[in-house]
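1. Okay, sequence plus prediction incoming.
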Amino acid sequence: MLIVGERINTSRKVKGEPVIENAVIKRDAEFIKDMARKQFEAGATYIDINCGTLTTGEPEALEWLTHVVMEAVDAPISFDTPNPVALDRALKAYDPAKGQPMINSITAESERYSKVLPLVLEYKAKVIALAMDDSGIQQDPDKRHAVARTLIENLTSAGVPLQDIYVDPLTFPIGTGSDVALAMFDIIRKVKAEYPGVNTIAGLSNISHGMPARKILNQAVTILAMGCGLDAGIIDPNDRYLMALIYAAEALLGKDEFCMNYITKSREGLFEGL
Ligand code: THG
């Protein structure tokens with residue numbers, strides 16, 4: 001599974017403190033670099049950067065984060081913002097030698113779609129397609145599936161390769177309804193059945209928002225979604241138990257021939273003490 005490290009997000013709080021937001025405002029590069037390095041070393045392929053809580057100066061801050069993460073690690077970046085101005089600015093600063101950038105995200109909302117699509121094409125980026133349109137986010141999984149299909153059709157017609165599209169079914173907190181995870185699983189299965197070449201992705205930590213023992217729910221939902229065909233996850237790669245479960249699930253789902261990767265991770269000591 002493609003791992004997108006979620007930790008550089010200004011909405012994240014540690015013991016109630018907005019420590020990431022504070023670090024971005026203070027331009028504390030060392031704090032951010034340390035977070036980028038730890039995620040990369042733990043197995044993140046992409047490093048997601050999100051400073052959407054800033055009420056002013058998001059474009060400048062996202063550009064700064066881009067430079068800082070590039071200095072810290074040799075990993076491509078996932079640019080997590082709905083703001084096309086911030087996106088363009090960060091993508092301009094980005095060195096494609098780090099790998100293909102990921103735009104997080106485009107939607108079927110007409111204004112956002114028309115402003116983000118040119119950036120996807122200009123920067124030859126991978127793009128996360130969120131299943132929402134001008135009517136907002138639909139609860140009904142069949143409606144979200146229909147929006148996902150429209151996005152796949154429109155993006156491919158515009159010249160975006162199918163394998164660069166990551167459909168996001170949207171992950172709601174499980175506290176908002178007992179069937180929200182089932183809806184997500186259903187969309188993942190349907191999208192993969194209809195377009196085997198497209199990728200699916202989910203912000204899996206959303207599932208546990210407001211719940212106790214969040215990591216347990218995040219671990220369970222990740223493995224269940226992988227069983228439905230999930231290709232990528234925006235997750236916390238510094239949860240070692242979650243990473244171990246992901247490697248185990250890949251072996252069990254036929255995505256790790258002879259369990260070579262699982263055995264390698266075990267030899268590297270990743271599972272010690274678990
Ligand atoms: N889809 C897409 N992008 C996304 C999301 C999505 N980006 C943002 C978000 N959802 C994914 N990122 C996070 C980042 C942090 C948390 C949840 C989702 C989170 N963190 C804990 C907190 O703030 O309490 C702390 C976790 C920890 O570090 O222990 O909940 O759905 N495309």
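-> Sure thing, it's come through.
2. Is there proximity between the helix or strand residue 152 falls within and the ligand?
-> Assigned by DSSP states H and E, residue 152 falls within helix 141-157. No - remark: helix 141-157 sits outside contact range of the ligand, by Cβ under 6 Å from any ligand atom, the gap being at least 12.6 Å. Backbone N, C-alpha and C define where each C-beta goes, glycine included.
3. In that helix, which of the residues would be classed as buried?
-> 141, 144-145, 147-149, 151-152, 155-156 (16 or more other Cβ atoms under 10 Å).
4. Kindly report the same for stretch 234-250.
-> Under the neighbour-count criterion of 16+ other Cβ under 10 Å, stretch 234-250 has 234-239, 242-250 buried.
5. Near the ligand, list only the ones from those.
-> 234, 236.
6. What about the buried residues of stretch 234-250, which are in strands?
-> If you go by DSSP state E, the buried residues of stretch 234-250 have 234-235 in strands.
7. Of the buried residues of stretch 234-250, which pair is most distant in space?
-> 234 and 248 (20.0 Å; Cβ to Cβ).
8. Return the residues in contact with the residue lying closest to residue 52 once chain neighbours are set aside.
-> With sequence-adjacent residues excluded and distances taken as Cβ to Cβ, 6 or more residues apart in numbering, residue 52 is closest to residue 81, at 5.8 Å. Going by Cβ atoms under 8 Å, 6 or more residues apart in numbering, residue 81 touches 50-52, 58, 62, 87, 90, 104.
9. try 7 Å this time
-> When contacts are counted by Cβ atoms under 7 Å, 6 or more residues apart in numbering, residue 81 touches 50, 52, 58, 62, 87.
10. hey, C-alpha coordinates of the strand or helix carrying residue 127 in CSV?
-> Assigned by DSSP H and E, residue 127 belongs to strand 126-133. Provided in CSV are the C-alpha atoms of strand 126-133 (Å, rounded to 0.1, in the frame of the first residue of the first chain):
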residue,chain,number,x,y,z
LYS,A,126,-0.9,12.4,-9.1
VAL,A,127,-4.3,13.7,-8.0
ILE,A,128,-6.7,12.7,-5.2
ALA,A,129,-10.3,12.9,-6.4
LEU,A,130,-12.7,13.6,-3.5
ALA,A,131,-16.2,12.2,-4.0
MET,A,132,-18.0,15.6,-3.6
ASP,A,133,-19.6,18.1,-5.9
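11. so where's the stretch 51-200 of the chain shaky on pLDDT?
-> Along the stretch 51-200 of the chain, the model assigns pLDDT under 70 to no residue.
12. can you list the residues of it near the ligand?
-> Near the ligand, when you scan the stretch 51-200 of the chain using Cβ under 6 Å from any ligand atom, you find 80, 104-105, 128, 168, 171.
13. Report the separation between the residue of the chain found nearest the ligand and residue 222.
-> Minimum separation of the chain from the ligand (Cβ to the nearest ligand atom) falls at residue 203, amounting to 2.2 Å. According to Cβ to Cβ, to the nearest Å, residue 203 and residue 222 sit 11 Å apart.
14. between these two, who's got more neighbours?
-> Neighbours per residue (other Cβ atoms under 10 Å) separate residue 203 from residue 222, with residue 222 holding more: 24 against 21.
15. Where does the more buried one fall, secondary structure wise?
-> helix 214-227.
16. The residue nearest the centre of the chain pairs with what?
-> By Cα atoms, centre = their mean, the chain has its centre lying nearest to residue 234, at 3.3 Å. On the basis of DSSP bridges, residue 234 is bridged to residue 4, residue 203.
17. Am I right that it is in contact with residue 2?
-> No - in terms of Cβ atoms under 7 Å, residue 234 does not count as a neighbour of residue 2; the distance is 9.8 Å.
18. In the protein, what residue spans correspond to strands?
-> 2-9, 46-50, 77-80, 102-108, 126-133, 165-168, 199-203, 232-235.
19. for those, which one sits closest to residue 267?
-> Among those, strand 2-9 sits nearest to residue 267 (Cβ to Cβ), with 19.7 Å.
20. Name the surrounding residues that touch that closest one.
-> 20, 32, 35-36, 39, 43-50, 65, 78, 205, 231-238.
21. mind redoing it with 6 Å?
-> Residues outside strand 2-9 that contact it (Cβ atoms under 6 Å, 6 or more residues apart in numbering): 35, 39, 43-50, 78, 232, 234, 236-237.
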